[in-house]
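# based on what follows, work out the 3D shape:
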Amino acid sequence: MAVATSQGLVNLKVVGIVDRSFPGRTGDAALVGWADATAKFGVVGADAFAVRYAPGRQADAQPQVEALAPPTRAHRVPDLRGRRRRG
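Numbering: from 1, shown residues only. I've put the predicted structure just below:
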């Protein structure tokens, strides 16, 4: 899919569709992998990131993740896997 940017068209491969997300400043947002964000869009840092732990591995990996970005209650997102959305 070709996406228009201030630097011209950027080709991205669509690998999924997000049902719900946080909108960007203009009301729309695109979620891209880190490699595309840095190489194609010039991103040098992240305001937020999400981590999905492999089953049974959270205790092993969480200390390394928290060393990069110490958690706060305001920023923790509950694990909603397996729950069905109503409506």
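# by contact count, what packs against the helix or strand hosting Lys40?
Element membership for Lys40, per DSSP states H and E: helix 34-41. With contacts defined as 3 or more C-beta pairs under 8 Å, 6 or more residues apart in numbering; DSSP states H and E, there are no secondary structure elements packing on helix 34-41. Every C-beta, even on glycine, is put in place using the N, C-alpha and C of the backbone.
# can you point out the buried residues in it?
Along helix 34-41, these residues count as buried under the neighbour rule (16 or more other C-beta atoms under 10 Å): 37, 40-41.
# with these in mind, which one is nearest to Glu66?
Sorting the buried residues of helix 34-41 by distance to Glu66 puts Ala37 at the head of the list, at 22.3 Å, by C-beta to C-beta.
# per-residue pLDDT, that closest one?
Confidence per residue is given as pLDDT, and for Ala37 that number is 85.
# please apply the same query to the one 5 residues further on.
Taken from the predicted model, the pLDDT recorded for Gly42 is 83.
# what residue ranges in the chain are flagged as low confidence?
When the per-residue scores of the chain are filtered using pLDDT under 70, the ranges that remain are 70-87.
# give me the contact list for the helix ranked longest in the chain.
Across the chain, the longest stretch assigned as helix under DSSP state H is helix 58-68. Among residues not part of helix 58-68, those counted as contacts by C-beta atoms under 8 Å, 6 or more residues apart in numbering are 51, 53-54.
# would you mind putting the CA coordinates of that helix into PDB?
The C-alpha atoms that make up helix 58-68 are tabulated as PDB, following Å, rounded to 0.1, in the frame of the first residue of the first chain:
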ATOM      1  CA  GLN A  58       6.500 -12.500  31.600                       C
ATOM      2  CA  ALA A  59       8.500 -13.100  34.800                       C
ATOM      3  CA  ASP A  60      11.700 -13.700  32.800                       C
ATOM      4  CA  ALA A  61      11.400 -10.700  30.400                       C
ATOM      5  CA  GLN A  62       9.600  -8.100  32.500                       C
ATOM      6  CA  PRO A  63      12.700  -6.800  34.400                       C
ATOM      7  CA  GLN A  64      14.500  -6.100  31.000                       C
ATOM      8  CA  VAL A  65      11.400  -4.300  29.700                       C
ATOM      9  CA  GLU A  66      11.000  -2.200  32.900                       C
ATOM     10  CA  ALA A  67      14.700  -1.200  32.800                       C
ATOM     11  CA  LEU A  68      13.900   0.400  29.400                       C
END
